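Undergrad: just the structure for this:
(2 chains)
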Amino acid sequence: MEINFTHHQSAHCENGVISNLMKHHGFQVSEPLAFGIGSGLLFCYIPFLMVNHAPAFTYRALPGIIFKRFAKRVGIKIKREKFKNPQQAKARLDENLKNNNPVGLQVGVYNLVYFPDEYRFHFNAHNLVVYGKQNDTYLISDPVMETVTTLTDKQLEKVRFAKGAFAPKGHIYYPVDFPKELDLEKAIVKGIKHTCKDMLAPIPVLGVNGIRHTAKLIRKWPKKKGVKKANHYLGQIVRMQEEIGTGGGGFRYIFAAFLQESSNILNKPELSNLSKEMTLIGDSWRDFAVDASRIYKNRSAKEDAYNNVATQLEVIADKEEVFFKKLKNAIK
Amino acid sequence: MKKDEVPQDKSNLESANFKELCYAVDENGEYTTVNSSGWDPKTIALNKAIEDIKERVEDAKQRVLNNQSSPIEYYMEFHKMDLPILASYVGMWKWRVKRHFKPKVFNKLPKKILQKYADVFDVSMEQLNNITLHGN
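TA: I've put the predicted structure just below:
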(Lines give C-alpha, C1' and ligand atoms only; values in the text may rest on other atoms or scores of the structure.)
Protein backbone atom coordinates (compact mmCIF):
# COMPACT_ATOMS: atom_id res chain seq x y z
CA MET A 1 0.00 0.00 0.00
CA GLU A 2 1.45 3.30 -1.01
CA ILE A 3 0.00 6.77 -0.56
CA ASN A 4 0.53 9.18 -3.42
CA PHE A 5 2.91 11.47 -1.54
CA THR A 6 5.43 13.89 -3.04
CA HIS A 7 8.78 14.10 -1.32
CA HIS A 8 10.51 17.49 -1.24
CA GLN A 9 13.95 17.78 0.30
CA SER A 10 14.29 20.45 2.97
CA ALA A 11 17.10 21.77 5.10
CA HIS A 12 15.54 20.97 8.44
CA CYS A 13 13.50 17.91 9.39
CA GLU A 14 10.71 19.53 11.39
CA ASN A 15 9.94 22.34 8.92
CA GLY A 16 10.27 19.80 6.13
CA VAL A 17 7.66 17.48 7.63
CA ILE A 18 5.27 20.41 8.16
CA SER A 19 5.80 21.69 4.64
CA ASN A 20 5.51 18.26 3.01
CA LEU A 21 2.38 17.29 4.93
CA MET A 22 0.75 20.65 4.18
CA LYS A 23 1.57 20.33 0.50
CA HIS A 24 0.09 16.83 0.51
CA HIS A 25 -3.17 18.30 1.81
CA GLY A 26 -3.19 20.96 -0.88
CA PHE A 27 -1.68 23.96 0.92
CA GLN A 28 1.46 25.41 -0.61
CA VAL A 29 3.54 26.17 2.47
CA SER A 30 7.27 26.47 1.90
CA GLU A 31 9.88 25.42 4.42
CA PRO A 32 10.90 29.00 5.33
CA LEU A 33 7.26 29.93 5.84
CA ALA A 34 6.71 27.00 8.19
CA PHE A 35 9.90 27.90 10.05
CA GLY A 36 9.07 31.61 10.35
CA ILE A 37 5.43 31.22 11.33
CA GLY A 38 6.46 28.66 13.93
CA SER A 39 9.06 31.14 15.27
CA GLY A 40 11.87 28.63 14.85
CA LEU A 41 14.76 31.09 15.01
CA LEU A 42 16.53 31.37 18.33
CA PHE A 43 19.80 31.36 20.10
CA CYS A 44 20.08 29.70 23.45
CA TYR A 45 22.83 28.44 25.70
CA ILE A 46 21.37 25.71 27.88
CA PRO A 47 23.21 25.70 31.20
CA PHE A 48 23.82 22.41 33.05
CA LEU A 49 22.96 20.30 30.01
CA MET A 50 25.82 18.38 28.40
CA VAL A 51 25.45 16.93 24.92
CA ASN A 52 28.21 14.68 23.59
CA HIS A 53 30.35 15.77 26.54
CA ALA A 54 30.10 19.47 25.69
CA PRO A 55 27.75 22.28 26.76
CA ALA A 56 24.52 22.56 24.79
CA PHE A 57 23.78 25.43 22.44
CA THR A 58 20.84 25.70 20.13
CA TYR A 59 20.00 27.94 17.20
CA ARG A 60 16.35 26.89 17.04
CA ALA A 61 13.25 26.52 19.17
CA LEU A 62 12.59 23.33 21.14
CA PRO A 63 11.79 20.23 19.08
CA GLY A 64 8.10 19.97 18.26
CA ILE A 65 7.27 23.53 19.18
CA ILE A 66 7.64 24.93 15.64
CA PHE A 67 4.84 22.69 14.35
CA LYS A 68 2.74 23.40 17.39
CA ARG A 69 2.96 27.16 16.94
CA PHE A 70 2.53 26.89 13.19
CA ALA A 71 -0.68 24.87 13.58
CA LYS A 72 -2.13 27.26 16.11
CA ARG A 73 -1.31 30.34 14.05
CA VAL A 74 -2.70 29.15 10.72
CA GLY A 75 -5.65 27.40 12.33
CA ILE A 76 -5.06 23.71 11.61
CA LYS A 77 -5.58 20.98 14.15
CA ILE A 78 -3.01 18.28 14.77
CA LYS A 79 -3.61 14.92 16.34
CA ARG A 80 -0.67 13.72 18.45
CA GLU A 81 -0.15 10.49 20.30
CA LYS A 82 2.60 8.84 22.31
CA PHE A 83 2.72 5.20 23.30
CA LYS A 84 4.11 2.98 26.00
CA ASN A 85 3.60 -0.15 23.97
CA PRO A 86 5.40 -0.57 20.61
CA GLN A 87 2.66 -2.89 19.30
CA GLN A 88 0.04 -0.24 19.85
CA ALA A 89 2.25 2.38 18.22
CA LYS A 90 2.65 0.15 15.20
CA ALA A 91 -1.07 -0.61 15.01
CA ARG A 92 -1.93 3.09 15.02
CA LEU A 93 0.60 3.77 12.27
CA ASP A 94 -0.76 0.92 10.09
CA GLU A 95 -4.31 2.10 10.67
CA ASN A 96 -3.44 5.58 9.34
CA LEU A 97 -1.63 4.23 6.34
CA LYS A 98 -4.65 2.07 5.55
CA ASN A 99 -6.78 5.23 5.63
CA ASN A 100 -4.45 6.83 3.11
CA ASN A 101 -3.11 9.27 5.67
CA PRO A 102 0.64 9.99 5.64
CA VAL A 103 1.87 10.67 9.19
CA GLY A 104 4.76 12.44 10.85
CA LEU A 105 6.89 10.49 13.31
CA GLN A 106 9.45 11.63 15.85
CA VAL A 107 12.46 9.32 15.87
CA GLY A 108 15.96 8.89 17.29
CA VAL A 109 18.88 9.23 14.92
CA TYR A 110 21.28 6.71 16.45
CA ASN A 111 19.70 3.66 14.83
CA LEU A 112 18.61 5.35 11.64
CA VAL A 113 20.35 3.02 9.22
CA TYR A 114 20.23 5.21 6.12
CA PHE A 115 22.20 8.02 7.80
CA PRO A 116 25.99 8.03 7.40
CA ASP A 117 27.59 6.41 10.46
CA GLU A 118 29.34 9.63 11.43
CA TYR A 119 26.01 11.41 11.86
CA ARG A 120 24.40 8.81 14.07
CA PHE A 121 24.38 10.33 17.52
CA HIS A 122 21.85 9.92 20.32
CA PHE A 123 19.65 12.72 19.10
CA ASN A 124 15.97 11.97 19.55
CA ALA A 125 14.17 14.85 17.91
CA HIS A 126 14.41 13.91 14.26
CA ASN A 127 11.23 13.91 12.17
CA LEU A 128 10.13 11.98 9.12
CA VAL A 129 6.99 11.03 7.22
CA VAL A 130 5.74 7.48 6.63
CA TYR A 131 3.70 7.28 3.47
CA GLY A 132 3.19 3.59 2.85
CA LYS A 133 3.99 0.00 3.65
CA GLN A 134 4.98 -2.95 1.50
CA ASN A 135 4.97 -6.25 3.38
CA ASP A 136 7.18 -5.51 6.39
CA THR A 137 8.87 -2.48 4.92
CA TYR A 138 7.75 1.07 5.57
CA LEU A 139 8.11 3.75 2.92
CA ILE A 140 9.85 6.75 4.44
CA SER A 141 10.10 10.34 3.32
CA ASP A 142 12.86 11.85 5.42
CA PRO A 143 12.90 15.57 4.58
CA VAL A 144 16.66 16.01 4.89
CA MET A 145 17.35 13.21 2.40
CA GLU A 146 17.38 13.89 -1.31
CA THR A 147 15.06 10.98 -2.12
CA VAL A 148 12.64 8.68 -0.33
CA THR A 149 13.91 5.64 1.51
CA THR A 150 12.64 2.61 3.48
CA LEU A 151 12.89 1.03 6.92
CA THR A 152 11.84 -2.47 8.03
CA ASP A 153 9.31 -2.64 10.84
CA LYS A 154 12.08 -3.73 13.27
CA GLN A 155 14.26 -0.78 12.28
CA LEU A 156 11.36 1.63 12.56
CA GLU A 157 10.38 0.33 15.98
CA LYS A 158 13.94 0.81 17.21
CA VAL A 159 14.09 4.48 16.19
CA ARG A 160 10.55 5.21 17.39
CA PHE A 161 11.41 3.88 20.81
CA ALA A 162 14.89 5.32 21.20
CA LYS A 163 15.72 6.33 24.79
CA GLY A 164 17.43 9.28 26.41
CA ALA A 165 16.62 13.00 26.37
CA PHE A 166 13.50 13.83 24.32
CA ALA A 167 12.68 10.11 23.96
CA PRO A 168 10.09 9.94 21.15
CA LYS A 169 7.93 7.22 22.78
CA GLY A 170 6.48 6.35 19.41
CA HIS A 171 5.28 9.92 18.91
CA ILE A 172 2.97 10.07 15.89
CA TYR A 173 1.28 13.22 14.55
CA TYR A 174 -0.77 14.37 11.61
CA PRO A 175 -3.06 17.28 10.74
CA VAL A 176 -6.76 16.42 11.02
CA ASP A 177 -8.66 19.62 10.48
CA PHE A 178 -7.99 22.46 8.04
CA PRO A 179 -9.60 25.87 7.61
CA LYS A 180 -10.92 26.71 4.12
CA GLU A 181 -8.05 29.10 3.60
CA LEU A 182 -4.94 29.65 5.66
CA ASP A 183 -4.75 33.09 7.23
CA LEU A 184 -1.10 33.57 6.42
CA GLU A 185 -0.86 37.34 6.97
CA LYS A 186 -1.85 37.22 10.62
CA ALA A 187 0.19 34.10 11.22
CA ILE A 188 3.33 35.69 9.76
CA VAL A 189 2.97 38.80 11.94
CA LYS A 190 2.52 36.64 15.03
CA GLY A 191 5.50 34.50 14.10
CA ILE A 192 7.79 37.49 13.58
CA LYS A 193 6.68 39.21 16.78
CA HIS A 194 7.37 36.08 18.79
CA THR A 195 10.85 35.70 17.28
CA CYS A 196 11.68 39.35 18.06
CA LYS A 197 10.51 38.83 21.63
CA ASP A 198 12.66 35.71 22.05
CA MET A 199 15.77 37.25 20.52
CA LEU A 200 15.51 40.43 22.60
CA ALA A 201 14.44 38.69 25.81
CA PRO A 202 16.00 40.06 29.00
CA ILE A 203 17.28 36.62 29.94
CA PRO A 204 21.04 36.09 30.09
CA VAL A 205 21.17 32.81 28.15
CA LEU A 206 18.55 33.56 25.52
CA GLY A 207 18.65 35.41 22.21
CA VAL A 208 21.08 38.29 21.76
CA ASN A 209 22.09 38.13 25.42
CA GLY A 210 22.74 34.42 25.01
CA ILE A 211 25.18 35.12 22.18
CA ARG A 212 27.05 37.62 24.39
CA HIS A 213 27.04 35.13 27.25
CA THR A 214 28.52 32.50 24.93
CA ALA A 215 31.26 34.92 23.84
CA LYS A 216 32.17 35.37 27.51
CA LEU A 217 32.31 31.61 28.01
CA ILE A 218 34.59 31.19 24.98
CA ARG A 219 37.06 33.69 26.44
CA LYS A 220 37.24 31.67 29.64
CA TRP A 221 37.45 28.17 28.13
CA PRO A 222 41.14 27.84 27.25
CA LYS A 223 42.24 28.80 30.79
CA LYS A 224 39.46 27.11 32.67
CA LYS A 225 39.02 23.93 30.66
CA GLY A 226 42.33 23.46 28.87
CA VAL A 227 42.92 23.59 25.13
CA LYS A 228 41.55 20.14 24.35
CA LYS A 229 38.17 20.70 25.96
CA ALA A 230 37.97 24.27 24.73
CA ASN A 231 38.44 23.06 21.17
CA HIS A 232 35.87 20.32 21.60
CA TYR A 233 33.35 22.84 22.94
CA LEU A 234 34.03 25.26 20.12
CA GLY A 235 33.57 22.45 17.61
CA GLN A 236 30.23 21.67 19.20
CA ILE A 237 29.04 25.27 18.67
CA VAL A 238 29.97 25.11 15.00
CA ARG A 239 28.26 21.76 14.58
CA MET A 240 25.06 23.01 16.19
CA GLN A 241 25.22 25.99 13.87
CA GLU A 242 25.98 24.24 10.61
CA GLU A 243 25.24 20.50 10.74
CA ILE A 244 22.48 19.08 8.58
CA GLY A 245 19.30 20.93 9.17
CA THR A 246 20.15 24.57 9.59
CA GLY A 247 20.28 25.53 5.92
CA GLY A 248 23.51 27.38 6.72
CA GLY A 249 24.46 30.10 9.21
CA GLY A 250 22.49 28.68 12.15
CA PHE A 251 19.07 29.02 10.43
CA ARG A 252 19.75 32.69 9.62
CA TYR A 253 19.48 32.08 5.86
CA ILE A 254 16.16 30.23 6.17
CA PHE A 255 14.89 33.13 8.25
CA ALA A 256 16.04 35.61 5.59
CA ALA A 257 14.21 33.54 2.96
CA PHE A 258 11.13 33.68 5.19
CA LEU A 259 11.33 37.48 5.42
CA GLN A 260 11.66 37.74 1.66
CA GLU A 261 8.60 35.56 1.11
CA SER A 262 6.68 37.47 3.79
CA SER A 263 7.50 40.79 2.17
CA ASN A 264 5.54 39.66 -0.89
CA ILE A 265 2.64 38.17 1.05
CA LEU A 266 2.24 41.19 3.36
CA ASN A 267 3.22 43.65 0.64
CA LYS A 268 5.84 45.23 2.89
CA PRO A 269 9.02 46.16 1.03
CA GLU A 270 10.82 46.90 4.32
CA LEU A 271 10.88 43.18 5.02
CA SER A 272 12.72 42.57 1.79
CA ASN A 273 15.46 44.98 2.89
CA LEU A 274 15.59 43.34 6.29
CA SER A 275 15.93 39.99 4.55
CA LYS A 276 19.09 41.26 2.85
CA GLU A 277 20.40 42.43 6.21
CA MET A 278 19.72 39.01 7.73
CA THR A 279 21.62 37.38 4.88
CA LEU A 280 24.66 39.49 5.80
CA ILE A 281 24.30 38.49 9.44
CA GLY A 282 24.18 34.86 8.28
CA ASP A 283 27.43 35.49 6.42
CA SER A 284 28.98 36.77 9.66
CA TRP A 285 27.98 33.52 11.37
CA ARG A 286 29.66 31.60 8.55
CA ASP A 287 32.83 33.68 8.98
CA PHE A 288 32.74 32.89 12.68
CA ALA A 289 32.54 29.17 11.86
CA VAL A 290 35.53 29.43 9.50
CA ASP A 291 37.68 31.15 12.13
CA ALA A 292 36.56 28.80 14.88
CA SER A 293 37.43 25.81 12.70
CA ARG A 294 40.97 27.20 12.26
CA ILE A 295 41.35 27.05 16.03
CA TYR A 296 40.28 23.45 16.51
CA LYS A 297 42.10 22.35 13.38
CA ASN A 298 45.43 23.55 14.74
CA ARG A 299 45.06 21.96 18.17
CA SER A 300 47.64 24.34 19.68
CA ALA A 301 45.35 27.28 20.12
CA LYS A 302 46.53 30.67 21.25
CA GLU A 303 44.44 32.53 23.72
CA ASP A 304 44.01 35.56 21.48
CA ALA A 305 42.48 33.28 18.84
CA TYR A 306 39.67 32.50 21.30
CA ASN A 307 39.35 36.18 22.12
CA ASN A 308 39.13 36.90 18.42
CA VAL A 309 36.18 34.55 17.76
CA ALA A 310 34.52 35.75 20.97
CA THR A 311 34.74 39.31 19.70
CA GLN A 312 33.21 38.17 16.41
CA LEU A 313 30.26 36.76 18.34
CA GLU A 314 29.84 40.01 20.23
CA VAL A 315 29.74 41.93 16.95
CA ILE A 316 27.09 39.50 15.66
CA ALA A 317 25.09 39.99 18.86
CA ASP A 318 25.17 43.77 18.38
CA LYS A 319 24.06 43.41 14.77
CA GLU A 320 21.23 41.07 15.68
CA GLU A 321 20.06 43.37 18.46
CA VAL A 322 19.76 46.28 16.05
CA PHE A 323 18.18 44.01 13.46
CA PHE A 324 15.43 42.59 15.67
CA LYS A 325 14.57 46.02 17.02
CA LYS A 326 14.11 47.22 13.44
CA LEU A 327 12.10 44.13 12.56
CA LYS A 328 9.85 44.67 15.56
CA ASN A 329 9.12 48.21 14.39
CA ALA A 330 8.58 47.13 10.79
CA ILE A 331 5.84 44.69 11.77
CA LYS A 332 3.96 46.95 14.18
CA MET B 1 25.53 33.57 1.00
CA LYS B 2 25.30 33.69 -2.79
CA LYS B 3 24.25 30.72 -4.84
CA ASP B 4 27.71 30.16 -6.29
CA GLU B 5 29.31 30.48 -2.85
CA VAL B 6 27.56 27.42 -1.44
CA PRO B 7 30.49 25.20 -0.46
CA GLN B 8 30.97 21.90 -2.28
CA ASP B 9 33.70 20.38 -0.12
CA LYS B 10 34.30 16.70 0.37
CA SER B 11 32.59 15.39 3.50
CA ASN B 12 31.24 12.34 5.30
CA LEU B 13 27.96 12.75 3.45
CA GLU B 14 29.61 11.16 0.45
CA SER B 15 29.52 7.68 1.97
CA ALA B 16 25.71 7.81 2.06
CA ASN B 17 25.63 9.43 -1.32
CA PHE B 18 23.50 12.42 -0.45
CA LYS B 19 23.78 16.17 -0.37
CA GLU B 20 22.22 18.52 2.10
CA LEU B 21 20.10 21.53 1.29
CA CYS B 22 21.32 25.10 1.81
CA TYR B 23 19.57 28.41 1.37
CA ALA B 24 21.28 31.05 -0.76
CA VAL B 25 20.43 34.06 -2.95
CA ASP B 26 20.59 33.98 -6.75
CA GLU B 27 21.76 36.70 -9.19
CA ASN B 28 18.51 38.65 -8.71
CA GLY B 29 18.73 38.58 -4.92
CA GLU B 30 15.93 36.00 -4.67
CA TYR B 31 16.26 33.16 -2.18
CA THR B 32 16.61 29.67 -3.56
CA THR B 33 17.90 26.30 -2.39
CA VAL B 34 21.15 24.69 -3.43
CA ASN B 35 22.49 21.24 -2.62
CA SER B 36 25.83 21.15 -0.87
CA SER B 37 28.19 18.18 -0.66
CA GLY B 38 29.73 19.53 2.55
CA TRP B 39 31.77 22.29 4.12
CA ASP B 40 35.25 21.93 5.57
CA PRO B 41 34.76 23.88 8.83
CA LYS B 42 32.03 21.51 9.95
CA THR B 43 33.61 18.39 8.50
CA ILE B 44 36.65 19.14 10.63
CA ALA B 45 34.43 19.65 13.68
CA LEU B 46 32.62 16.37 13.06
CA ASN B 47 35.83 14.44 12.46
CA LYS B 48 37.29 15.87 15.66
CA ALA B 49 34.21 14.77 17.57
CA ILE B 50 34.53 11.26 16.14
CA GLU B 51 38.22 11.18 16.98
CA ASP B 52 37.33 12.14 20.55
CA ILE B 53 34.85 9.30 20.75
CA LYS B 54 37.41 6.82 19.42
CA GLU B 55 39.85 8.05 22.06
CA ARG B 56 37.23 7.57 24.76
CA VAL B 57 36.51 4.04 23.55
CA GLU B 58 40.19 3.13 23.45
CA ASP B 59 40.67 4.63 26.90
CA ALA B 60 37.74 2.66 28.31
CA LYS B 61 39.05 -0.50 26.65
CA GLN B 62 42.42 -0.14 28.34
CA ARG B 63 40.81 0.43 31.70
CA VAL B 64 38.65 -2.67 31.30
CA LEU B 65 41.65 -4.76 30.28
CA ASN B 66 43.52 -3.43 33.34
CA ASN B 67 40.55 -4.43 35.46
CA GLN B 68 39.91 -0.82 36.51
CA SER B 69 36.48 -0.76 34.98
CA SER B 70 33.81 -3.16 33.75
CA PRO B 71 32.89 -3.95 30.13
CA ILE B 72 29.71 -1.88 30.61
CA GLU B 73 31.73 1.32 30.41
CA TYR B 74 33.49 0.16 27.26
CA TYR B 75 30.24 -0.72 25.50
CA MET B 76 28.65 2.53 26.65
CA GLU B 77 31.45 4.56 25.08
CA PHE B 78 31.41 2.36 21.99
CA HIS B 79 27.74 3.20 21.44
CA LYS B 80 28.42 6.95 21.83
CA MET B 81 26.33 6.94 25.00
CA ASP B 82 26.80 8.70 28.29
CA LEU B 83 25.49 7.71 31.70
CA PRO B 84 22.02 9.31 31.44
CA ILE B 85 21.41 7.73 28.02
CA LEU B 86 22.54 4.26 29.07
CA ALA B 87 20.52 4.47 32.29
CA SER B 88 17.48 5.38 30.24
CA TYR B 89 17.98 2.43 27.86
CA VAL B 90 18.34 -0.18 30.62
CA GLY B 91 15.70 1.46 32.81
CA MET B 92 17.84 1.85 35.92
CA TRP B 93 19.02 4.76 38.03
CA LYS B 94 22.24 6.43 36.94
CA TRP B 95 24.02 5.64 40.20
CA ARG B 96 23.16 1.98 39.78
CA VAL B 97 24.62 1.85 36.28
CA LYS B 98 27.69 3.69 37.51
CA ARG B 99 28.10 1.13 40.26
CA HIS B 100 28.11 -1.59 37.61
CA PHE B 101 31.27 -0.01 36.19
CA LYS B 102 33.15 -1.48 39.14
CA PRO B 103 34.62 -4.84 38.10
CA LYS B 104 33.88 -6.30 41.54
CA VAL B 105 30.20 -5.39 41.31
CA PHE B 106 29.96 -6.36 37.66
CA ASN B 107 31.30 -9.87 38.29
CA LYS B 108 28.54 -10.56 40.79
CA LEU B 109 25.66 -9.26 38.65
CA PRO B 110 22.78 -11.69 38.14
CA LYS B 111 22.17 -13.03 34.66
CA LYS B 112 18.94 -11.08 34.29
CA ILE B 113 20.66 -7.71 34.59
CA LEU B 114 23.56 -8.76 32.39
CA GLN B 115 21.04 -9.81 29.75
CA LYS B 116 19.51 -6.32 29.85
CA TYR B 117 22.86 -4.78 29.08
CA ALA B 118 23.61 -7.37 26.39
CA ASP B 119 20.30 -6.57 24.68
CA VAL B 120 20.90 -2.83 24.72
CA PHE B 121 24.44 -3.22 23.38
CA ASP B 122 23.34 -5.87 20.91
CA VAL B 123 26.06 -8.34 21.97
CA SER B 124 26.10 -11.93 23.24
CA MET B 125 26.65 -12.76 26.92
CA GLU B 126 30.16 -13.96 26.12
CA GLN B 127 30.98 -10.71 24.41
CA LEU B 128 29.55 -8.73 27.30
CA ASN B 129 31.83 -10.53 29.71
CA ASN B 130 34.88 -10.45 27.47
CA ILE B 131 35.35 -7.34 25.38
CA THR B 132 38.16 -8.88 23.35
CA LEU B 133 35.49 -10.95 21.59
CA HIS B 134 33.79 -7.76 20.41
CA GLY B 135 34.37 -7.16 16.71
CA ASN B 136 36.14 -3.96 15.62
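Undergrad: could I get the full set of strands for chain A?
TA: In chain A, the segments counted as strands under DSSP state E are A:41-51, A:54-60, A:77-81, A:103-107, A:126-134, A:137-141, A:149-152, A:172-177.
Undergrad: closest one to chain B among those strands?
TA: strand A:41-51 (7.5 Å; Cβ to the nearest Cβ). Every residue, glycine included, has its C-beta placed from N, CA and C.
Undergrad: now do that closest one and strand A:54-60, the angle between them.
TA: 160 degrees (axes from the mean of the first three to the mean of the last three Cα atoms, to 10 degrees).
Undergrad: so is strand A:41-51 next to chain B?
TA: Yes - judged by Cβ under 8 Å from any Cβ of the partner chain, strand A:41-51 and chain B are in contact via A:M50.
Undergrad: thinking again about what came up before, can you say which of the strands of chain A is packed in most?
TA: strand A:103-107 (a mean of 25; mean count of other Cβ atoms under 10 Å in any protein chain shown).
Undergrad: for that one, the averaged confidence score.
TA: Strand A:103-107 carries an average pLDDT of 96.
Undergrad: which outside residues touch it?
TA: A:17, A:21, A:63-64, A:67, A:93, A:96-97, A:124-130, A:156, A:159-160, A:162, A:168, A:171-174 (Cβ atoms under 8 Å, 6 or more residues apart in numbering or on different chains).
Undergrad: ok, now stretch A:132-152?
TA: Contacts of stretch A:132-152 (Cβ under 8 Å, 6+ apart): A:1-3, A:5, A:7-13, A:15-17, A:19-20, A:93-94, A:97, A:102, A:113-114, A:127-131, A:153, A:156, A:159, A:244-245, B:18-21, B:35.
Undergrad: what residues of stretch B:24-34 count as buried?
TA: Across stretch B:24-34, burial judged by 16 or more other Cβ atoms under 10 Å in any protein chain shown covers B:24-25, B:31, B:33-34.
Undergrad: show me the helices in chain B, by range?
TA: B:40-65, B:71-78, B:83-90, B:94-99, B:103-107, B:111-121, B:125-129 (DSSP state H).
Undergrad: looking at those helices, which is nearest to A:P32?
TA: Closest of the helices of chain B to A:P32 is helix B:40-65, at 21.5 Å (criterion: Cβ to Cβ).
Undergrad: around chain B, pick out the residues from the stretch 151-300 of chain A.
TA: Counting by Cβ under 8 Å from any Cβ, the stretch 151-300 of chain A sits next to chain B at A:163-165, A:167, A:231-232, A:235-236, A:238-239, A:242-244, A:247-249, A:253-254, A:256-257, A:260-261, A:275-276, A:279, A:282-283, A:286, A:289-290, A:292-293, A:296-297.
Undergrad: got the domain boundaries for chain B?
TA: B:6-38, B:51-133 (automatic domain parsing).
Undergrad: find the residue at the geometric middle of chain B.
TA: Nearest to the geometric centre of chain B sits B:K80, at 2.5 Å (Cα atoms, centre = their mean).
Undergrad: show me what contacts that residue?
TA: When contacts are counted by Cβ under 8 Å, 6+ apart, B:K80 touches A:52, A:110, A:120-122, B:53.
Undergrad: run the last query once more with 7 Å
TA: Taking Cβ atoms under 7 Å, 6 or more residues apart in numbering or on different chains, we find B:K80 in contact with A:121-122, B:53.
Undergrad: among these, which one lies nearest to B:V90?
TA: Using Cβ to Cβ, those come closest to B:V90 at A:H122, 14.0 Å.
Undergrad: show me what contacts the closest one?
TA: A:108, A:110, A:164, B:80-81, B:85.
Undergrad: need those in JSON lines (columns: distance to B:L65).
TA: What follows is the contacts of A:H122, written out as JSON lines (distance: Cβ to Cβ, whole Å):
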{"residue": "A:G108", "distance to B:L65": "31"}
{"residue": "A:Y110", "distance to B:L65": "26"}
{"residue": "A:G164", "distance to B:L65": "28"}
{"residue": "B:K80", "distance to B:L65": "21"}
{"residue": "B:M81", "distance to B:L65": "20"}
{"residue": "B:I85", "distance to B:L65": "24"}
